[in-house]
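1. how does the following fold in three dimensions:
(4 chains)
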Protein chains: 4
Amino acid sequence: MTQETIDQILKFRDDRDWKQFHNPKDLAISISLEAAELLEVFQWSGSDVSDKGKEAKIREELADVINYTVLMADACGLDIDEIVQEKIRVNNEKYPVEKAKGSSKKYDEL
Amino acid sequence: MTQETIDQILKFRDDRDWKQFHNPKDLAISISLEAAELLEVFQWSGSDVSDKGKEAKIREELADVINYTVLMADACGLDIDEIVQEKIRVNNEKYPVEKAKGSSKKYDEL
Amino acid sequence: MTQETIDQILKFRDDRDWKQFHNPKDLAISISLEAAELLEVFQWSGSDVSDKGKEAKIREELADVINYTVLMADACGLDIDEIVQEKIRVNNEKYPVEKAKGSSKKYDEL
Amino acid sequence: MTQETIDQILKFRDDRDWKQFHNPKDLAISISLEAAELLEVFQWSGSDVSDKGKEAKIREELADVINYTVLMADACGLDIDEIVQEKIRVNNEKYPVEKAKGSSKKYDEL
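-> So this is what the prediction gives:
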């Protein structure tokens, strides 16, 4: 994600004076709500797990989730690249390639 | 988010041969689950809506949500900058500055 | 659900003096978190949408969701039978049998 | 919840021939989605954690969650009283009164 996109997200918020509502707890709630709207696209799809015919809604709802993750990172003073790379290091320990390769098990069941 | 971070996320997946599990429906489920883990940090915090004392867990759980949004975008062939900027244009229509400024109402209640 | 089961749920809470934490917002968060734990049972199951091999976890996690719905109803002074029957009446209007029969569409798409 | 309420929920489903869509995975998704709609009632409420002014929406959305828990129990052949009482016994072990009284910590942090 370019800095330009991030700046657009923050400008949208600031133009509307919405920072006042963006406390960490309500932002975490908002990320959950947008994640649910993304999931709703797949409700009652049964064993059809693909994105076929659902592309337009997925674009919109996935964008909403990303939007709020940027807003939460900003509200908490976090650098996205830093926290993601940090987590990849942690996950490298939890899921060593030799154990995790080809398995969908959680780390505590590997 | 730099391309390097995105590449690290995709490399982590490919090193473990996990693409086979990453169908859109299960990725949408996974985003919801990680969003819930982020939200859990605030469970029983009552009227304390801040991130104080919760920074370490927020870093980890927010990173997990972002991680899965990148994986879902990749699985669905979506460009993150494109879909986010597209959604900002839609939201600019739904939430015109003059109406939305300083209000936390949803667009259909403005 | 018998009154005895409901009484056991409330007694469990009161024995631990937990009513002080049970404000409506945190209870709504808790219902979402337990719903996510139930959903996690199906993560990475792909097109296998059944409960086979997952029975023990489903029992536990579904019980947790129900548990918190009882606690929230109590915290908000709501009668479960009353609100459910009220909602069925609303849904009867939204989903008339002749239109909704055999369709998984939402009411606004019927 | 009386048997009459449960019967009304199941009759509503059967009148519309909806059992065909009610596989366990999609029902777990649906419980999560309804839990999110309940949580949405509290979005942007900040440190106001009460139900004041939100009663009508809480009634509706909590009823929807309960509705789907009944449908999932039925689809999985589970008896609600049995699984809830079973879980209370488990929780009695995890949260002994002497340790858990007055604390909102999780069992693994007690």
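2. in which helix or strand would I find A:Leu27?
-> helix A:24-40 (DSSP states H and E).
3. that helix and chain C in contact?
-> Yes. Helix A:24-40 reaches chain C (C-beta under 8 Å from any C-beta of the partner chain) through A:Ile29, A:Ser32. For glycine as for every other residue, the C-beta is placed from the backbone atoms N, C-alpha and C.
4. OK, now which residue of chain A is nearest to chain C?
-> Per C-beta to the nearest C-beta, the residue of chain A with the smallest distance to chain C is A:Ser47, at 3.5 Å.
5. pull out the buried residues from the longest helix anywhere in chain A.
-> Looking across chain A with DSSP state H, the single longest helix is helix A:55-75. Judged by neighbour count (16 or more other C-beta atoms under 10 Å in any protein chain shown), helix A:55-75 contains these buried residues: A:58-75.
6. which helix or strand lies directly C-terminal to it?
-> helix A:80-94.
7. next helix or strand past that following helix?
-> helix A:97-100.
8. show me which positions of that next one end up buried.
-> A:Ala100.
9. name the helices or strands packed onto it?
-> Secondary-structure packing of helix A:97-100 (3 or more C-beta pairs under 8 Å, 6 or more residues apart in numbering or on different chains; DSSP states H and E): no helix or strand packs against it.
10. what average pLDDT does it get?
-> Averaged across helix A:97-100, pLDDT comes to 96.
11. wait, does stretch A:69-78 contact chain D?
-> No. Remark: stretch A:69-78 sits outside contact range of chain D, by C-beta under 8 Å from any C-beta, the gap being at least 12.5 Å.
12. show me how far that stretch is from its chain's centre.
-> Distance, stretch centre to chain centre, for stretch A:69-78: 12 Å (C-alpha atoms, centre = their mean, to the nearest Å).
13. how about the residue of chain A closest to chain C, secondary structure?
-> State at A:Ser47, reduced to three classes by DSSP: H, G, I helix; E, B strand; the rest coil: coil.
14. give me the nearest residue to it, chain neighbours excluded.
-> Excluding its sequence neighbours, the residue lying closest to A:Ser47 (C-beta to C-beta, 6 or more residues apart in numbering or on different chains) is C:Ser47, at 3.5 Å.
15. next: A:Tyr95.
-> Using C-beta to C-beta, 6+ apart, the nearest residue to A:Tyr95 is A:Tyr107, at 5.7 Å.
16. A:Asp81 now?
-> Among residues not flanking A:Asp81 along the chain, B:Thr5 sits closest, at 4.8 Å (C-beta to C-beta, 6+ apart).
17. and A:Ala73, by the same measure?
-> Nearest to A:Ala73 is A:Ile80, by C-beta to C-beta, 6+ apart, at 5.2 Å.
18. I'd assumed A:Val70 was in contact with that neighbour.
-> Yes. In this structure, A:Ile80 is within contact of A:Val70 by C-beta atoms under 8 Å, at 7.2 Å.
19. overlap in contacts of the two?
-> Listed contacts common to A:Ile80 and A:Val70 are A:Met1; contacts here mean C-beta atoms under 8 Å, 6 or more residues apart in numbering or on different chains.
20. tell me which residue in chain A sits closest to chain D.
-> A:Ala36 (3.4 Å).
21. could you pull up the residues touching that residue?
-> Counted by C-beta under 8 Å, 6+ apart, A:Ala36 has contacts B:Ser32, D:Ser32, D:Leu33, D:Ala35, D:Ala36, D:Glu37.
22. if you rank the residues you listed by neighbours, which is first?
-> D:Ala35 (32 neighbours; other C-beta atoms under 10 Å in any protein chain shown).
23. what about A:Asp14, which helix or strand?
-> Element membership for A:Asp14 (DSSP H and E) is helix A:3-15.
24. before we move on, back to that, number of nearby residues for the residue nearest to A:Asp81?
-> 20.
25. quick one: name the residues of chain A near chain D.
-> Residues of chain A lying near chain D (C-beta under 8 Å from any C-beta): A:21, A:23, A:26, A:29-30, A:32-33, A:35-37, A:39-40, A:42-46.
26. now the buried members of the residues you listed.
-> Buried residues within the residues of chain A next to chain D, counting neighbours by 16+ other C-beta under 10 Å: A:21, A:23, A:26, A:29-30, A:32-33, A:35-37, A:39-40, A:42-45.
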